[in-house]
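# sequence and predicted structure below; questions after.
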Amino acid sequence: MNLRRALSAGMIDSGFASLATFALNLYAIGRWGGSNPDLLGMYFLFATAFFMASAIPYQLLFLPAERESLSLPAASRLSLMNRVLVLGLPTSVLSASLVGLAAIVGLVKDFTLAELTPFLITAAVAAVFSPMQNYSRRLLHLAGKSWSAAAVSVVQFATALAALFGLLALGVAPRWLPLGALALANIVSLTVGLAISRSAVQRMSPADSEVAATVQETLTFGSLSLSGRWLVTTSLLSTGTNFAVESIITLLAGPVALGFAGSAKTVAQPVLVLASGLRSVLGPKSMEAAAARDRTAARHHARTFYNLTAAAVIGYSAFAGFAWALNPLSALVDNAYTIPGLVVMSIFAAGLNAAAFPGRTELIGANRETVLLQTEMVANSLQLTVATVFAALAGAATNFGIFARPVAFAILGGSRLVVYKRALDRLYSSRSEKSRTETKPA
């Protein structure tokens, strides 16, 4: 598959996967944004807790498994899916319990357990299956079946909408709907991904099957978690800080402030959708270039990523950054535009974090997980500090609390760009120095 076709498939895959969340967020904003903004803020806090919980099994087991699959020919990589999913299921179930942290914050803010239980249960179920579904799609990309990955995401989006309207028709209470529909969508689309994988594996040659079986034997919880321990620590630092930031905003500035910020973040989401699609296709190439210490190839893929992301940020800011006649989002997510500049700031922050994707991918490909952890500690410490200061100032001016989320997110992305670049400069410079030493005549 050529790069252009792969990028198109990657965009469709990432687009429909994120469109499901986007549509469900729109339902939540429309349902609670005007009538119950406190509850909207709690919904966004549970959604962030869900992302934190689902990141643990993905980073600990599934991402290292993706890297191990690179040792096989592309056509044989899908043979690893079943084994890795079985290995990851117990961790997914255990990590899903972390969504309970959002309930604790809600109880502190005087919500009742009965009010929070629907969010708690549906977020936990979604956290079990989301990382497994993400892995199935990523492995399809790595196997050269990007259009099959896109089909899985289309199924996820269609199922999410069908579940949302179906549950509404059945009279299910609204609090069960957004995250509940997402959980059902992940389960159904994962099933489709498994069916596609099974069909491809059945067509493998005996020789390829034998090689794949040898690699499968090396994939154990111990071997994958040994590689993934730094990745999951780094991920927990990042997603945990995101959750801490939103918890601080909820506690100091109130859930209403988080509701406004979450609405604006929803509008800005397409920027990260584009970046995720690019990462699905360009990420493996960046990993391979970094593993080979090929700075030229790595920079080429990064430049492609940067240029497309910058164009998206500029174009999308002009279209959706302000409330005007041709922007339909200003009517669908009207509370995001209540505070001037909030949406533009959220789009800019999303763009900075999207631009950091290539650096992270290269560090992973180069087996520099410890360096990645060190750089994330710096970036996330800055994010948490800025968010705390802004949220603490909410008493002096409400907008400080509302802008705490996008400003802190922008600081995170900007600092990631700086520290990733420094780490990669050292990585490639040391390789160049080694090459010069090895080729120096005796």
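In hand now; what should we look at?
# what average pLDDT does the longest helix along the chain get?
As assigned by DSSP state H, the longest helix anywhere in the chain is helix 398-439. Mean per-residue pLDDT for helix 398-439: 82.
# for that helix, what is the distance to the chain centroid?
Relative to its parent chain, helix 398-439 has a centroid offset of 18 Å by CA atoms, centre = their mean, to the nearest Å.
# tell me what that helix is packed against?
helix 221-248, helix 255-291, helix 295-320, helix 342-355, helix 357-365, helix 369-392 (3 or more CB pairs under 8 Å, 6 or more residues apart in numbering; DSSP states H and E). Every C-beta, even on glycine, is put in place using the N, C-alpha and C of the backbone.
# list the buried residues in the first one.
The one in question is helix 221-248. Neighbour counts using 16 or more other CB atoms under 10 Å place 224-225, 227-228, 230-248 of helix 221-248 among the buried residues.
# run through who's touching the worst-scoring helix or strand of the chain on mean pLDDT.
Lowest mean confidence among the helices and strands of the chain (mean pLDDT, DSSP states H and E): helix 206-218, at a mean of 77. Identification of contacts with helix 206-218 by CB atoms under 8 Å, 6 or more residues apart in numbering yields 68-69, 71-73, 75-76, 79-80, 83, 201, 204.
# and the direction of that helix versus that of helix 221-248, what angle?
Helix 206-218 runs at 60 degrees relative to helix 221-248, counting by axes from the mean of the first three to the mean of the last three CA atoms, to 10 degrees.
# could you dump helix 206-218 to PDB, C-alpha only?
Extracted C-alpha coordinates of helix 206-218, given in PDB (Å, rounded to 0.1, in the frame of the first residue of the first chain):
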ATOM      1  CA  PRO A 206       2.700 -23.100   6.700                       C
ATOM      2  CA  ALA A 207       6.200 -21.500   6.800                       C
ATOM      3  CA  ASP A 208       4.900 -18.100   7.900                       C
ATOM      4  CA  SER A 209       2.700 -19.800  10.500                       C
ATOM      5  CA  GLU A 210       5.700 -21.600  11.900                       C
ATOM      6  CA  VAL A 211       7.700 -18.500  12.300                       C
ATOM      7  CA  ALA A 212       4.800 -16.600  13.900                       C
ATOM      8  CA  ALA A 213       4.300 -19.500  16.400                       C
ATOM      9  CA  THR A 214       7.900 -19.100  17.500                       C
ATOM     10  CA  VAL A 215       7.400 -15.400  18.100                       C
ATOM     11  CA  GLN A 216       4.100 -16.100  20.000                       C
ATOM     12  CA  GLU A 217       6.000 -18.300  22.400                       C
ATOM     13  CA  THR A 218       8.200 -15.400  23.400                       C
END
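# sorry, back to before: just the buried ones from the contacts of helix 206-218, in PyMOL syntax?
Those of the contacts of helix 206-218 that count as buried under 16+ other CB under 10 Å are selected in PyMOL with:
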select buried, resi 68+69+72+75+76+79+80+83+201+204
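# still on that earlier bit, can you put the helices and strands packed on helix 398-439 in CSV and add mean pLDDT and distance to A114?
Converted to CSV, the helices and strands packed on helix 398-439 look like this (pLDDT from 0 to 100; distance: least, CB to CB, whole Å):
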stretch, mean pLDDT, distance to A114
helix 221-248, 89, 21
helix 255-291, 88, 17
helix 295-320, 93, 37
helix 342-355, 96, 32
helix 357-365, 90, 40
helix 369-392, 90, 28
